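>>> model this:
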Amino acid sequence: MLLRIFRNTDPFVIFLIVAAVVLFCLNSLLNPGIESTTFYDEDPMPLYALLRAVTANNYFAGVIITMLMMLLIAYMLVSLNTSVIFIDERTFLPAIIYILLVSLFPDYLVLNPVLPAALLLIAAVRKIMDTYRVQGIAYDLYDAGFLISAGSLFYANFIFFGILVIAGIILLRSVVFKELMLALLGFLTPWILISAIWYVTGKEASEVLDLLNNNIRADMPDYIQELLPVLLLIYPGMLVLISILHLLSVINTKKIKSRNTFYLLLWVLVISGVVFTISPSVSVDIIWLAGIPAAYFLSHYFVFMRNKTVKEISFTILFLAVIFMHLIKFI
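Residues are numbered from 1 along each chain as shown. Okay, the predicted model is just below:
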C-alpha cells in the first residue's frame with residue numbers, strides 16, 4: 001500500500017514527501033542532538049564556515065536550512081532520473097527512499113557540511129553523464145571537477161570523490177589527455193580561488209591545506225553504541241545489497257547510457273564505503289552521499305521486482321524502521 005502510493009506520480013506525493021521531511025526533522029527541532037560534539041563545527045572548511053555564518057550559528061535556523069536542502073536533494077534525484085530515465089520509469093521513489101535512508105540517523109538531521117556536498121555530488125554526476133557521446137572535448141568535465149572540488153570546501157572528505165570524474169571518463173569516453181587536464185583544472189580552480197582569497201585577506205595560503213588535513217584526520221565521536229539501533233540498520237543494508245544484486249542481474253538488458261549511469265552510481269557507493277573505512281573523520285554522516293546511489297538502486301528494485309507482496313512488505317518495513325528509530329530518539 002505505502003509503496004503503491006509513493007510510486008505514483010500524482011502531485012499529492014510531493015505533499016507527502018514534504019510532510020515526511022518535516023516529520024523526520026521534528027526530532028531535531030524538539031531534541032537537539034550531536035551538533036556541538038562534531039569537529040566540523042569547531043574547525044569548519046571555508047564554505048561551510050560561510051554557510052554557518054549565514055545562519056548566525058543558530059541551531060534552529062540550521063535545521064530549517066537542512067529541511068530545505070533535503071527537499072532540494074529530493075527534487076534533484078527525481079530530476080536526474082527524469083532527464084536520463086535510467087530507471088526506465090518516471091517516479092518519485094528516489095526522493096522518498098533517500099529521505100528514509102538519511103532519516104535512519106535522527107541525530108544527523110541538522111546542518112552539516114555533507115549536505116551541500118550531496119547537492120554538488122548529484123550535480124557532478126549529471127555533468128559527467130552529459131559528456132556521453134559528446135563530439136570533441138567534453139567541457140562538462142571541467143564543471144564536474146569544479147563541483148566536486150567546491151564540495152570539498154564544505155566537507156573535506158568529499159575531495160576523494162574526485163576519483164568519480166576519472167571513473168566517468170573511463171566509462172563514457174575514450175581517455176584523452178586534454179580531457180583529463182580539463183577535469184584536473186576544474187578540480188584545482190576552487191582551491192586556487194580560496195587560497196588567493198585567504199592570501200589577500202592576510203592569511204597564509206598554506207593554512208587552507210592545513211585545514212583540509214585537520215578535517216580529514218580528526219576523529220568523529222561514535223554514534224551507534226546500543227544493540228537495537230545496530231540491528232535495525234542491518235535491514236536497510238541488506239535491502240540495498242539485494243537491490244544491487246537484482247540490478248546487476250538485469251543490467252545487460254538496459255540501454256548503454258542507463259547501464260553506465262548505474263555503473264557511475266555504483267562508483268559513488270564504493271567510494272563512500274572506502275572513505276568511510278579509511279578516514280577517521282567519517283562517521284554515519286556519509287549516508288548523505290552513499291544514500292544517493294542507494295536510493296536509485298532501491299527504487300529500481302521496487303519498480304522491477306516481480307513479487308508485489310515482497311516489495312510492498314520490504315518498503316513498509318523500511319518505513320517503519322525509520323519511524324522506530326525516531327521514536328527511540330524521542331523517548
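>>> Just give the nearest non-adjacent residue to residue 124, would you?
Excluding the flanking residues, the one nearest residue 124 by CB to CB, 6 or more residues apart in numbering is residue 147, at 4.2 Å. Bear in mind the C-beta positions are built from the backbone N, C-alpha and C, glycine included.
>>> what about that neighbour, helix or strand, and which?
Per DSSP states H and E, residue 147 falls inside helix 140-152.
>>> Give me the helices and strands touching that helix, please.
helix 114-129, helix 163-172, helix 177-200 (3 or more CB pairs under 8 Å, 6 or more residues apart in numbering; DSSP states H and E).
>>> Can you mark which positions in the second one are buried?
Residues of helix 163-172 classed as buried: 163, 164, 165, 166, 167, 168, 169, 171, 172 (neighbour count, 16 or more other CB atoms under 10 Å).
>>> Report the separation between residue 182 and residue 160.
Taking CB to CB, to the nearest Å as the measure, residue 182 and residue 160 are separated by 20 Å.
>>> More neighbours: these two, which one.
Taking other CB atoms under 10 Å, residue 182 and residue 160 do not tie; residue 182 has more neighbours (22 against 18).
>>> before we move on, the earlier item: just want the angle from the helix holding residue 147 to helix 177-200.
With axes from the mean of the first three to the mean of the last three CA atoms, to 10 degrees as the basis, helix 140-152 and helix 177-200 are set at 40 degrees to each other.
>>> For helix 140-152, give me every contacting residue.
With CB atoms under 8 Å, 6 or more residues apart in numbering as the contact definition, helix 140-152 has outside contacts at 45, 47, 116-117, 120-121, 123-124, 127-128, 130-131, 134, 158-159, 161-162, 164-165, 168-169, 179, 182-191, 212.
>>> pLDDT on stretch 213-228, on average?
Per-residue pLDDT values across stretch 213-228 average out to 70.
>>> what do you get for stretch 124-140?
Rounded to a whole number, the mean pLDDT of stretch 124-140 is 92.
>>> re earlier: the helix holding residue 147 vs helix 163-172, what angle?
Helix 140-152 runs at 160 degrees relative to helix 163-172, counting by the same axes, to 10 degrees.
>>> Pull the contacting residues for the closest residue to residue 196 other than its chain neighbours.
Among residues not flanking residue 196 along the chain, residue 205 sits closest, at 7.5 Å (CB to CB, 6+ apart). Contacts of residue 205 were listed using CB under 8 Å, 6+ apart, and they are 195, 196, 198, 199.
>>> show me the residues around residue 125 that make contact.
For residue 125, the set of contacting residues under the criterion of CB under 8 Å, 6+ apart consists of 80, 164, 264, 265, 268, 292.
>>> For those, which two are the farthest from each other?
80 and 164 (14.4 Å; CB to CB).
>>> Which of the residues in stretch 321-331 are classified as buried?
Within stretch 321-331, the residues that qualify as buried are 321, 322, 325, 326, 329, counting by 16+ other CB under 10 Å.
>>> Give me the distance between stretch 154-161 and the centre of its chain.
Using CA atoms, centre = their mean, to the nearest Å, the mean C-alpha position of stretch 154-161 is found 12 Å from that of the whole chain.
>>> actually stretch 303-319, not the one I wrote
Between the centre of stretch 303-319 and the centre of its host chain there is 23 Å, according to CA atoms, centre = their mean.
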